[in-house]
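Trainee: take this sequence and fold it.
(chains A, B, C and D)
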Protein chains: 2
Amino acid sequence: MSRVYNQYCPVARVLDVVGERWSLLIVRELLLGPRRFTDLAQGLPGIGTSVLTARLKQLEQNDLVVKRTLPAPAASVVYELTPDALGLAGVLAAMADWGMTLLGRPGDDEHVQGRWLVLSLAVTTKDAQSVPEATYELRIDDDVLHIRAVDGHFQPSQGPAPNPDATITMSAATLAAIASGDLDVPDPQADSRIALHGNVTGAQRLLEAFRGSAS
Amino acid sequence: MSRVYNQYCPVARVLDVVGERWSLLIVRELLLGPRRFTDLAQGLPGIGTSVLTARLKQLEQNDLVVKRTLPAPAASVVYELTPDALGLAGVLAAMADWGMTLLGRPGDDEHVQGRWLVLSLAVTTKDAQSVPEATYELRIDDDVLHIRAVDGHFQPSQGPAPNPDATITMSAATLAAIASGDLDVPDPQADSRIALHGNVTGAQRLLEAFRGSAS
DNA sequence: CGGCATCCGTGACGATACTG
DNA sequence: CAGTATCGTCACGGATGCCG
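Mentor: Numbering: from 1, shown residues only, chains lettered A, B, ... in the order given. Presented below is the predicted three-dimensional model:
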């Protein structure tokens, strides 16, 4: 069993459960929806499969993750968060909030994945109510995910949206540039880096809400 | 330098800075005010002085902690959080919030310190506005700290209060029993475990606000 | 190929002893 | 009191191999 702090303290209890290296990043990955072992591994560059196995087992024992076998045709296994673990969303949100101020611009040898940025931007953006209620599908490099804007906040999920009102296609580097404030949201007609379809003005509002969050 | 994730992700950035073992607990200790090396060590049972030194150095390099030499008579050195680090209060609060649900009751071999509970209770209690605005001094085992109730929330700090409106004396075990919901706040006249002085009804309200937070 | 166990080198951690 | 030095142990990262 893992090292525990043996302190009767809520903060220490949290660290007992998700304080080891990689644990919270696994939760980050699963916050966008269930994932398979291999997909988790490639969303966590450098983790090593044995550590991933160990962490998933530990999270399972603490009822934060369940291993579920997909029905018939897929014949695959996915890991997903339990309702218990959804309380961790607040912790991740607080971390994303503060981490935005540390973000700067991507380093040269640094991994960049659209899902990481989208998740953090979705939970930290303060003026989500300036974005029209709709479903926005985002295609960022190889990632496909979507954001539902409802009740003045965002619900991000992985995968394509069933009925997207708008589609946004861009590279992770471009999204990083927007988040860091380096790039104003340009007129998509004039800028080949961003392609919008469907509800174009809504999509532009979404990107504008993201602009400069990491400054 | 420590292991970093090399991910352009706000959450990973936070973990790069405070993700190692003990780091966040050091921040927890300092959230109640500046502390000396030895006091930090005894607030973090099991840490080992070399690790504490290493963590303090790392936190210093990231401008989260400053080492300050106290004026004349004290001739001592304290560590305190920088304004940058105060953003971490939100992270700790979110962790305390979720950790409360994991807390249960203290284990046999578990360390219990009043300051840990008071800090978490102070930042997570939802109905702080039911407590009269005042300064409450808490003496819990060997810890002395105080809470200012203002604007419907609590500001906890270590040490005695200059002008306490009320004083509460109890053991950490008793406070744990209240937090876990095992112990209703008793009439202090009838219960020798709790001693109240000054604004007794205000102090009772404070304890009632804490009751059952960890259930 | 996805999921996981195993082995190994390196580094982080925990405990204790020691110094200014 | 405020650390540094040392050392045994454990966790991590990377690679390999097994098995459905």
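
Trainee: could you use CA atoms for every contact and neighbour count after this?
Mentor: OK.

Trainee: which stretch of helix or strand covers the residue in chain A positioned nearest to DNA strand D?
Mentor: Across chain A, the shortest distance to DNA strand D (C-alpha to the nearest atom of the strand) belongs to A:Gly46, at 3.7 Å. Assigned by DSSP states H and E, A:Gly46 belongs to no helix or strand.

Trainee: that one: neighbour count?
Mentor: With neighbours defined by other C-alpha atoms under 10 Å in any protein chain shown, the count for A:Gly46 comes to 11.

Trainee: try A:Val66
Mentor: Neighbours of A:Val66 under the rule other C-alpha under 10 Å: 18.

Trainee: near DNA strand D, which residues of chain A show up?
Mentor: For chain A, the contact set with DNA strand D under C-alpha under 7 Å from any atom of the strand comprises A:Met1, A:Ser2, A:Arg3, A:Glu20, A:Arg21, A:Gly46, A:Ile47, A:Gly48, A:Thr49, A:Ser50, A:Val51.

Trainee: which of these are buried? Put it as a ChimeraX command.
Mentor: Buried residues within these, by 16 or more other C-alpha atoms under 10 Å in any protein chain shown, are selected in ChimeraX with:
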select /A:20,21
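
Trainee: which among the residues of chain A next to DNA strand D are in contact with chain B?
Mentor: Among the residues of chain A next to DNA strand D, the ones lying near chain B by C-alpha under 8 Å from any C-alpha of the partner chain are A:Glu20, A:Arg21, A:Gly46.

Trainee: give me the subset of the residues of chain A next to DNA strand D touching DNA strand C.
Mentor: Counting by C-alpha under 7 Å from any atom of the strand, A:Arg3, A:Thr49, A:Ser50 from those sit close to DNA strand C.

Trainee: let me have the ones next to chain B among the residues of chain A next to DNA strand D in CSV, extended by pLDDT.
Mentor: Below are these laid out as CSV (pLDDT from 0 to 100):
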residue, pLDDT
A:Glu20, 95
A:Arg21, 94
A:Gly46, 91
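
Trainee: coming back round to it: between the ones next to DNA strand C among the residues of chain A next to DNA strand D, which sits nearest chain B?
Mentor: Nearest to chain B among these is A:Arg3, at 9.8 Å by C-alpha to the nearest C-alpha.

Trainee: once you drop chain neighbours, what's closest to that closest one?
Mentor: The shortest distance from A:Arg3 to any non-neighbouring residue, by C-alpha to C-alpha, 6 or more residues apart in numbering or on different chains, is to A:Asp16 (7.3 Å).

Trainee: didn't that neighbour look like it was pressed against A:Gln7?
Mentor: No - assessed by C-alpha atoms under 8 Å, A:Asp16 is found out of contact with A:Gln7, at 9.5 Å.

Trainee: out of the two, which sits in the more crowded spot?
Mentor: A direct count of neighbours by other C-alpha under 10 Å for A:Asp16 and A:Gln7 places A:Gln7 higher, at 21 against 17.

Trainee: might one say that A:Asn62 is in contact with A:Val18?
Mentor: No - counting by C-alpha under 8 Å, A:Asn62 stays clear of A:Val18, with 9.6 Å between them.

Trainee: re earlier: let me have the ones next to DNA strand C among the residues of chain A next to DNA strand D in CSV, extended by distance to B:Ile140, secondary structure and pLDDT.
Mentor: Below are these laid out as CSV (distance: C-alpha to C-alpha, whole Å; DSSP: H, G, I helix; E, B strand; the rest coil; pLDDT from 0 to 100):
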residue, distance to B:Ile140, secondary structure, pLDDT
A:Arg3, 28, coil, 89
A:Thr49, 46, helix, 94
A:Ser50, 44, helix, 93
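
Trainee: ok, of those residues, which one's closest to A:Asp184?
Mentor: Proximity of these to A:Asp184 (C-alpha to C-alpha) peaks at A:Thr49, which lies at 39.7 Å.
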